[in-house]
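Peer 1: what follows is a predicted structure for the sequence shown.
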Amino acid sequence: MESYIKDQMFLNEEAIIFGNEIIEAMIVLALGSNLLSLKSKKKDVDILRTPKSLDDYKKVPILYGMPILFPPNRIEDGTFTYKETTYTFPVNEWEKHNHIHGFLHDKPWKVLKREAGKEGVVIVTEFLSSDFPSMYPHFPHEFKVNMTYIVKEERLDIQMNIHNIGRESFPWGAGYHTIFNFPFISRNDYSDCEISLPVNKQWELNGRSLPTGKYITLPNKDEIQRRIIGEGREYDDIFSYDEEKNRTNEAVLTDPKAGIQVRYQADRRFKYWVVFNEDGFLCPEPYTWITNAPNLKLPVEVTGLQELQPGESIHLDTKIILDEI
């Protein structure tokens, strides 16, 4: 199958368009290497929420495309202490006095590789911490992150590689704020639409949207693993991945009217799913750590808090697969 890469201006920035006869994707390096568009060409459907103008994007940048979260979600009061090092991030959610969504999604990245051929498309981008000395007071470590986007047939593979290139270990958590247009064609018509999640526990949240450390009983756990309907329900919830019952860690979005089912797969390092929605879009967000993980008085096996040693790298895999139904 023939594939292609082309350059184009989008929101006054250089964008990379890539795809094949089935799907087409777009990333914008200057806007956090954000995957700002993913389309089903056969169905002529925009899978991800793409801004129509620069003004729309500037209002809430985190609500478009697939922003890269490092660290993901909220940190209480923007600070935590880990092994005698105190980390302080800007408070950017003032009404709840939290830091939210980290520092990779709003900075420019570089492209390292772009190839297209019969086997598919490969795009590799890089974020290097030393390019942003202003970050050092908040996260005093040297690291780099590489994103690899691979289009092959009806699938987009998204790989994140985090490298500790400094002399000290550091705590880490990562995720994606993936904003799907859902339903895919009739934004407010949820009839027959289904969303399923591979989860078995829901976390209790306080008034600041932070986990209390307790779980909420899920009487409809099996139903959530089969399907949940979005109409009339507002989500801003955190769930744990049920790896015993679900070999494949995937959220499935089905829209019969659009004739599309999206399988959003994450590897088993993504132990948590946040679900957030507003009218016309839905965000199933895979995370490696639970919201506010470093501040929770719980074992790291429960929170997902991990440490990256000097010279060590971590590889994270996700996939978005478009199926016709």
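Peer 2: Looks like it came in fine. It should be emphasised that the depicted structure is a prediction, and the values quoted were computed from it without experimental measurement.
Peer 1: tell me where the stretch 151-300 of the chain is predicted with low confidence.
Peer 2: Within the stretch 151-300 of the chain, the segments meeting pLDDT under 70 span 187, 219-233.
Peer 1: just the helices in it please.
Peer 2: 221-226, 300-303 (DSSP state H, counting those that start in this stretch).
Peer 1: what does the shortest one rub up against?
Peer 2: Okay, so that is helix 300-303. W289, I290, A293, P294, L296, Q306 (C-beta atoms under 8 Å, 6 or more residues apart in numbering). Just so you know, the C-beta spots here come from the backbone N, C-alpha and C atoms, and that holds for glycine as well.
Peer 1: give me the number of neighbouring residues for V151.
Peer 2: Close neighbours of V151, defined as other C-beta atoms under 10 Å, add up to 25.
Peer 1: and the residue sitting furthest away from the middle of the chain, what pLDDT?
Peer 2: What lies farthest from the middle of the chain is E84; by C-alpha atoms, centre = their mean that is 29.5 Å. Looking at E84, its pLDDT reads 91.
Peer 1: wait, doesn't V121 sit right on S3?
Peer 2: Yes. Using C-beta atoms under 8 Å, V121 is in contact with S3, at 4.6 Å.
Peer 1: quick one: common contacting residues for these two?
Peer 2: Going by C-beta under 8 Å, 6+ apart, residues that sit against V121 and also against S3 are F18, G19, N20, V151.
Peer 1: can you tell me the SS state at the second one?
Peer 2: Per DSSP: H, G, I helix; E, B strand; the rest coil, the secondary structure class of G19 is strand.
Peer 1: quick one: it from M26, how far?
Peer 2: G19 sits 9 Å away from M26, going by C-beta to C-beta, to the nearest Å.
Peer 1: now the residue minimising distance to the centre of the chain. Nearest residue, chain neighbours left out?
Peer 2: The chain has Y176 as the residue nearest its centroid, 1.1 Å off, counting by C-alpha atoms, centre = their mean. Nearest residue to Y176 in three dimensions, chain neighbours excluded: M66, at 5.4 Å (C-beta to C-beta, 6 or more residues apart in numbering).
Peer 1: confirm that the one you found sits in a strand.
Peer 2: No. Using three-state DSSP, the assignment for M66 is coil, not a strand.
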